[in-house]
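J.: heads up, no residue letters with this:
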Ligand code: GLY
């Protein structure tokens, strides 16, 4: 009797401590965002609209392949964010916005929902893939959050690829900075060293208010039932004084917990998302029984009540996806095992 009771107790303990094991296999699922903001119908040309959709679709395809081949949720998050970081359309990696002094400073975070291990970096200037630096912090350091030169040194020691800062330069973001600084009456810095000559690079410049937005994020569930979330950004255009937004702040822009049944990546006005601890709060809501869409909606309403604008993507342990935003658009997409890839841009579009 005693042995039987002990076996039941052990099984219960394992099941409670390992929600992954208690999870029916529902197949993999993946959702992504490329930033929320003032993205209205008619504000993008048909070509720009098509370019964003093609990029989102291509990123989904990469993640689907990783998960379909039995890759982990973490692998999918990292692989998809690498693709988005290399895509000049998004405010992360190549295509990131500039600081007021004409530099690019990247922030990123990643979190494993099964262990609640997390890694984050802020203020990287040379590491090609900030998301990989965040993962290296999580897996190969005793720390969670590294910043600035120290983070860059760590990433280099980890063998991560480094590039010249000009690698990240895009004419569109540079023009955006110049316009912004002129509007604010602030000095315009010299064009960055190594940047292509003016006019040499086409400026794909949709008339959007992307100063505060952009950012890329991914949430994933793998076949083993493991959740993961990751986010990467150049932050806010014209940022000063070492400003860091919500993205690398675990619990603000990024969070994942299999125990609470959610993985979250946020995009929006970071100062508000930090104050509302958006990503962690979404998980509190799912942990208390809310479905992912209700949790996402309630949280965006909450951050909106203190003045924040932006959006979240949320993944549940059943592969369900929640998208919520209080802006007119959010570049986003999703795909689940055996299903079609879906992308959307405008708030009123089916997703
Ligand atoms: N949400 C991106 C930032 O505030 O930096």
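T.: That came in fine, so what should we check first? All of these numbers come straight from a predicted model, not from anything done at the bench. Numbering: from 1, shown residues only.
J.: Any idea which residue of the stretch 251-351 of the chain lies closest to the ligand?
T.: Among the residues of the stretch 251-351 of the chain, residue 270 lies nearest to the ligand; the distance is 2.2 Å by Cβ to the nearest ligand atom. Quick note: C-beta positions are derived from backbone N, CA and C, even for glycine.
J.: Specify the beta-bridge partners of residue 127.
T.: residue 162 (DSSP bridges).
J.: ok, the residue of the stretch 251-351 of the chain closest to the ligand touching residue 248?
T.: No: between residue 270 and residue 248 there is no contact under Cβ atoms under 8 Å: 9.7 Å.
J.: Which of the two has more residues huddled nearby?
T.: residue 248 (34 against 29; other Cβ atoms under 10 Å).
J.: measure the closest residue to that one other than its chain neighbours to residue 235 for me?
T.: The shortest distance from residue 248 to any non-neighbouring residue, by Cβ to Cβ, 6 or more residues apart in numbering, is to residue 120 (3.8 Å). Residue 120 sits at a distance of 13 Å from residue 235 (criterion: Cβ to Cβ, to the nearest Å).
J.: Quick check: neighbours shared by these two?
T.: residue 107 (Cβ atoms under 8 Å, 6 or more residues apart in numbering).
J.: sorry, back to before: would the helix or strand the residue nearest to residue 248 falls within count as contacting the ligand?
T.: Per DSSP states H and E, residue 120 falls inside strand 117-124. No: using Cβ under 6 Å from any ligand atom, strand 117-124 stays clear of the ligand, coming no nearer than 9.5 Å.
J.: Any idea how far that strand is from the middle of the chain?
T.: 12 Å (Cα atoms, centre = their mean, to the nearest Å).
J.: tell me what that strand is packed against?
T.: Packing partners of strand 117-124 (3 or more Cβ pairs under 8 Å, 6 or more residues apart in numbering; DSSP states H and E): strand 106-112, helix 130-140, strand 145-147, helix 148-157.
J.: try 10 Å
T.: In this structure, strand 117-124 makes packing contacts with strand 106-112, helix 130-140, strand 145-147, helix 148-157, strand 227-233, strand 254-257, judged by 3 or more Cβ pairs under 10 Å, 6 or more residues apart in numbering; DSSP states H and E.
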